[in-house]
Structures are given as structure tokens and as C-alpha cells.
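1. When you get a sec, could you give me coordinates for this:
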Amino acid sequence: MARILLVGSEDQDRSLAGAAICELSSHEVVECSEGRTALALVAKGDFDLVLLDVQLEDGLDGLEVCRRLRGDELTQNVPVVFLTATRQDIQSRLRGLELGAADFIVQPIDRLELLARIGSVLRSKALADEVRRHNFELAGKVVERTRQLEELASELRLERDTLRETFDVFDEALLLLDAAGKVQIGNAAGHKLLDETQVAAGLVEVAREAIDEDGVRGRVLSESGRQLAVRGYPAPGRRALLYVRDVTEERDSEVRRLQSEKLASIGMLAAGVAHEINNPASFVLANVESLAGMLRALDEKLRADPVVARRLGMKDLLFEAMTVVQESKEGMARIHRIVRDLHSFSRVDDGAPALSDVNAAIESALSMLRNELRYRTSVERRLEASQPVRGSAARLGQVFLNLIINAAHALPESRLQYNRLQVRSFDDGDEVVVEVEDNGPGIPPEVMPHIFESFFTTKPAGLGTGLGLPISREIVRSLGGEVVAENAAGQGALFRVRLPALAGPLPERPRLDPCHHGRRRRIVAIDDEALLLKAYRRMLIDHHDIEIRLGAREALRSFEEDRDFAVVLCDLQMPGMSGAELYRVVQSRWPDIAQRFIFITGGAFSPEARRFLDESVIACINKPFQVDELLELIETRVSSLSLT
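-> Presented below is the predicted three-dimensional model:
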């Protein structure tokens, strides 16, 4: 029901129009005869529509009233429909439309036409109000996300400064020396060693040898009854990085123990950080996908009425909003890749053995880097490989993304019209080859031996971590392949990846029957994160009947009374009672329910959790994921159990 203000100088005409609206609809009608009165009522009242006669009693005509309504921030969104006699000329109508009138209705008024036009204008207003509400919510989410990213950046800068200070805590000496023996960088233990004359001379000699002979791996220096093992690594600029360790028996045992504990702690920390990032990333990605669905639905409604869309100017605004959502999804994909890198340090591998198409992985990487590449270079692709390789598409995509982004960063932005980046794939016997080549300055000879070393980077501070190429090489080697770098024949750098090809065609991804995919099922979602449960509900509500349980113990209590669920979505890592513990209890009491579990994990970083997944034949999906992935896994699980 809408609230309508009817403004007209003729009592009879006004009464006829008001009576028609009240008799044929449930709308509320308020009448007045003067323009100033109408302006005051609209400013104070909650009106959804103004029906306005051109001629009014107080000398303030309808056109002026419309102009003032449009110019007031409080009333500019209230639509105005003019009621005009046939004697009014075309100029008045054009003037009314210029002032922002939504429609004109010529008297004498046809009752059904009046109601139809009012309904059309009210529907347009409802759509406009919905768009404004969505824009306001989206703006709030963008501001909040920006704030979170700024806080994360501050935390990372603090961690960087802390890491620098941590070097002084090490018992081992770290020294960066030039060829003359001058200290460039050193920790406290290193400076202390240089103060001891016998050791200082030996360290300078090792540094020079490391520079001239590409490293020293096993030199032992004796000093005051101590045995000091020294390793020297050549560094850019004719310098050497020395690592000095006391290998006296008692201290050597203690150092090894401490080092083992440090590495274990770092692994657990990396996996824990990955898990904590994945939880918020999952519901942010789910909410972004839900918002994208809402925008698509709104776009379909506006396409159904293009006249209204043009009048409201919504086409460009909606396109911009959908672009923001798409960029947000790409940002979440980048967060997911960072989390996978943390998994690799903690020895958590989320990639199951699979056959993949390198061309699809390359296209995926290029798609994610579209905005980065468009301002740096043009991309030429020639993807001719036809044989599958072993490895998950996600891990291969990570390799190609690192190679492509490194090539793009080697090209100066000021030469956009000249920059070229070529990506090629082809079969070479029983191997598949992927090449990424740029026409930049190439790799300097002094840099070439170090490009695959961890934490080595030539990029400015804050732009590179020195981990992309080492991680890529480890991924390729784990798949039985190799990656090499060389300078191209003309100008630029060339990275070549060789992977063992597998016989036979690439297996097609199983497709679900659309009818079967559309069948609604009863699903229960279990998680300790309330925001995640809300996100799951938004993701699945259009496809399935979903119920949520906050925590494993609440779920267990509900299973005592109701177990009629087709699928159970359960988080693996939960406080109090974990998903694995809940599964074992359910398996002992209701084995048929246990078979319906699908575990959702942001990283099974504890040994118990990893062992549980390795030993159990259970469906599992890693956070963050897209709704299509989850829907497909649900249908696959149901189909495997022959549930109806």
C-alpha cells in the first residue's frame, strides 16, 4: 500500500481521481489544492507519489512545485505525475519532463489507466529505492574492508620491523662483507666475532673465497677451544653472506634442538594464520557472491524495463557496482593464493593428485592478472599444448601466475605501447612446455644465479617477497618437471617450464544432470563462526533447505531428535569439540548420518586433523570456495550415497 498526495485546483476532478484510487486499490490518498501546502506536506509526510495538477489555486503552478520538489534533498526521490487537461500545449509537457516528472496523465481520467500508471511509477520507485539501499550497503562494506586491509598492512609492517630486530637474538653469527672485509650488515653475534682477531682474519678470507669461487660450504675455524663452522654465499655487488655456527659438541646438540623447535613453531604459526585468514575470507567471498547475484537480479529487472533504466540513469551505476564486486572477488582469490603459500611452508598440501590442462591454468592466471597487465603490456598467447599433465589446476595456476607477474613487473610502465609479453604452450614429445617471455631489459648476469633462491628479490621494498619463483620451482619439481630461466635471443627474459605429459586425453569434468542439480535437499551446516553460517545460508538458500548449528555440541544435541538430513556440512577445526570428534561420535551412534558428512576446512594444520583426513574416506572442501564448487560437491556426495 502506497501513500499518495493528490494536488489539484478543481475539487470535482480531484475528488474523482481520489475516489478512483481508493476504490480500485488499497493506496492511501491525501488531497490539497495549493502548491505551497503540497510542498509542506511532502516535506513532513512519508509520501510515495505526488499526483499534481499543472494549474493550482495559490499562484504557484504545478511546474514550479515539481521544480522545488526535485531541488530539495528530502523530497527529490518522491516521483511526480502530472494531471493535465487536453488544452495544455506540448511545451508544458516537455517542461514538466525536464523538471523531472515521472509521467503525464491527460484528463478526463480513465480510472484503469490512472491505476496502471500509478502502479508503474511506484514499481520504478521501489526499484530505485532498492538500488540506493544496495549501493549504501556496498559502500559500507568497501569502507570496512579498506579499514581491515589498512590494519593488516600496519601489522605486516610491524612484523617486518620485528623480524629485523630478531636477527640480533640469534646465537649464530650472520655477516655481510664486501671484498675488502668491511661489514655491510651484521648481527650482534657477528660483530662480536669480528672483535676477536684470529677469527676476524679467517672470516675475511672466507668472504673473499666465497665471492671468487661462488660460495664456501664447509670451512671450520678454531678459536679458544671452539670449533666454528662457516658457510659463505656470494651476494650481489661482490659481497658475501657468512653464516657462522658453533659446532662444539655440547653447543651443536643444543643448537640443533632449538632450530628444530623454531622450524616447528614457524610451521604451526603459518598453518594457524592460514586457518584464521580462511574463515573471514570464506564469508567475505560468500557475501560478495551473494551481492553479485542480487546485482544480476536487479540488472534483469532493469533490462525488462529499459525506459525506466534510462530515466533513472541506473545502467552505468549498476555496471560500476558489478565491476566493484568482480574486483573484490579477484582480491579474495589473491588472498586465497597467499594462504596456499603459507600452507606450503607448513607442509600442508591442499592439492590432490589430478590431471590438468595447462592451457586452462594459463588462461585462469591471465584472467586474474587482467587489470595488472592492461596498464603494463600487451599479451600475446599461443596455447597449442594438447596433452594433460599431472597436478592440480590451482597449483599450476600459481606457477604461471608467478611467472607472468614477474615478467610484467620487469617491463617499465612508461613503455606501454612497446611492451610485449608472450605466453606459449606446446607439446615436445613426452613433455608439455610452457614459456613466458618478455621484451624487457633481461636478467643481469650477477642476478641470474640467485633468482630461485628464497627471499632473493630485485623488486623495491613492499613489492616483492622473494618467494614466488622458489615456490614455483618447488611445485614444478614436485610434479616431476623443471623450470629454467634465460635471457631471450633479442631482448628480455624467458622462463621455460617442462612437465611430464600423460598419455591419453584430458578427462572431462563430470557434469551433473540439471534436473538433479536443481532438486532441493535438506542440509545442516555446523560451524563455530556465526558469520560463516550466515554466509552458507545466503549461498545455499536458493538451492536447498539449510539449517545451521553453532558448534559441534549444539549439532550433537539436535541429532538426538532429528537426523533427516541429506548432507551435513561440518567445519573441521572447532573449539570445544572438533569436527573430527563430532564425526566419530556420530559414526558410533548413527553410521548412516556419518556417511553424509562434508568437511569444510581452512587448513588442517594440526597433526591430528591431517591424520584424520588422511585416514578417512570423507569429502572435503577448502575455504574459501565458490557456491558452484560447493553445490557440485553436495550433488556428488548425494549421488555417491544414492540418497533421495
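2. how about residue 200, what does it touch?
-> By Cβ atoms under 8 Å, 6 or more residues apart in numbering, residue 200 lies in contact with 193-194. For glycine as for every other residue, the C-beta is placed from the backbone atoms N, C-alpha and C.
3. element containing it, please.
-> Assigned by DSSP states H and E, residue 200 belongs to helix 197-212.
4. Could I get the buried residue list for that helix?
-> Within helix 197-212, the residues that count as buried by 16 or more other Cβ atoms under 10 Å are 199, 202-211.
5. can you check stretch 221-235 too?
-> So stretch 221-235, judged by 16+ other Cβ under 10 Å, has buried residues 221, 228-235.
6. Now do the strands for the stretch 301-450 of the chain: every range, in order, please.
-> Using DSSP state E, counting those that start in this stretch, the strands of the stretch 301-450 of the chain run over 355-356, 378-383, 389-390, 420-428, 431-438.
7. Would you confirm that residue 397 contacts residue 364?
-> Yes: counting by Cβ atoms under 8 Å, residue 397 does reach residue 364; the two are 5.0 Å apart.
8. Looking at those two, which is more packed in?
-> Taking residue 397 and residue 364 together and counting by other Cβ atoms under 10 Å, residue 397 has the greater number of neighbours (23 against 17).
9. Just confirm residue 55 is within a helix.
-> No: judged by DSSP: H, G, I helix; E, B strand; the rest coil, residue 55 forms no part of a helix; its state is coil.
10. which sections of the stretch 101-250 of the chain are below the confidence cut-off?
-> Residue ranges of the stretch 101-250 of the chain with pLDDT under 70: 160, 163-164, 196-198, 223-225, 248-250.
11. Run through the helices of it in chain order.
-> For the stretch 101-250 of the chain, helices defined by DSSP state H, counting those that start in this stretch occupy the ranges 111-166, 188-194, 197-212, 249-304.
12. again with the stretch 351-500 of the chain
-> Going by DSSP H, counting those that start in this stretch, the stretch 351-500 of the chain shows helices at 358-368, 370-374, 393-409, 468-478.
13. To residue 634, which of these lies closest?
-> With Cβ to Cβ as the criterion, residue 634 lies closest to helix 393-409 of the helices of the stretch 351-500 of the chain, at 20.3 Å.
14. The closest one - contacts with which helices or strands?
-> The contact analysis (3 or more Cβ pairs under 8 Å, 6 or more residues apart in numbering; DSSP states H and E) places helix 393-409 against helix 314-345, helix 358-368, helix 370-374, strand 420-428, strand 431-438, helix 468-478, strand 493-500.
15. Let's test this: mean pLDDT of the third one, rounded?
-> Going back to what we said before, that points to helix 370-374. Averaging pLDDT along helix 370-374 gives 80.
16. From the contact counts, what lies against that helix?
-> Judged by 3+ Cβ pairs under 8 Å, 6+ apart, helix 370-374 is in contact with helix 393-409.
17. Centre of the chain to the helix it packs on, how far?
-> The chain centroid and the centroid of helix 393-409 are separated by 17 Å, computed with Cα atoms, centre = their mean, to the nearest Å.
18. got it, and stretch 584-598?
-> Distance, centroid of stretch 584-598 to centroid of chain: 33 Å (Cα atoms, centre = their mean).
19. In that stretch, which residues are buried?
-> Buried residues in stretch 584-598 (16+ other Cβ under 10 Å): 586, 593-598.
20. now swap in stretch 132-141 and tell me
-> For stretch 132-141, using 16+ other Cβ under 10 Å, the buried residues are 134, 138, 141.
21. quick check, nearest of those to residue 477?
-> Taking these together and measuring to residue 477 by Cβ to Cβ, the closest member is residue 141, at 41.1 Å.
22. show me the contacts for the closest one.
-> Residue 141 neighbours (Cβ under 8 Å, 6+ apart): 287, 291.
23. Okay, it and residue 328: tell me how far apart.
-> From residue 141 over to residue 328 the distance is 8 Å, taken as Cβ to Cβ, to the nearest Å.
24. what is in contact with those two at once?
-> In contact with both residue 141 and residue 328: no residue, using Cβ under 8 Å, 6+ apart.
25. Can you name the secondary structure element that comes next after the lowest-mean-pLDDT helix or strand in the chain?
-> Sorting the helices and strands of the chain by mean pLDDT, DSSP states H and E puts helix 514-517 at the bottom, at a mean of 44. Remark: after helix 514-517, the chain's next helix or strand is strand 522-527, criterion DSSP H and E.
26. which non-adjacent residue is nearest residue 20?
-> Using Cβ to Cβ, 6 or more residues apart in numbering and skipping residues adjacent in sequence, the residue nearest residue 20 is residue 111, 4.1 Å away.
27. ok, now residue 48?
-> residue 2 is the one closest to residue 48 (Cβ to Cβ, 6+ apart), at 4.0 Å.
28. what's the one you found in contact with, if anything?
-> By Cβ under 8 Å, 6+ apart, the neighbours of residue 2 are 27-28, 48-49, 118, 122.
29. Look up how far residue 408 lies from residue 434.
-> Applying Cβ to Cβ, the value for residue 434 to residue 408 is 16 Å.
30. Oops, could you answer that again for residue 613 instead?
-> In terms of Cβ to Cβ, residue 613 sits 37 Å off from residue 408.
31. so which of the contacts of residue 2 is the most crowded?
-> residue 118 (26 neighbours).
32. Name the nearest residue to that one, ignoring sequence neighbours.
-> Nearest to residue 118 is residue 49, by Cβ to Cβ, 6+ apart, at 6.5 Å.
33. okay, that neighbour: pLDDT?
-> 91.
34. Check residue 487 too.
-> pLDDT recorded at residue 487 is 88.
35. So what's the residue count around it?
-> By other Cβ under 10 Å, 15 other residues sit near residue 487.
36. Quick check on the closest residue to it other than its chain neighbours: phi, psi?
-> Counting by Cβ to Cβ, 6+ apart, the nearest residue to residue 487 once its immediate chain neighbours are dropped is residue 442, at 4.4 Å. Dihedral angles of residue 442 (phi, psi; degrees, to the nearest 10) stand at phi 90, psi -180.
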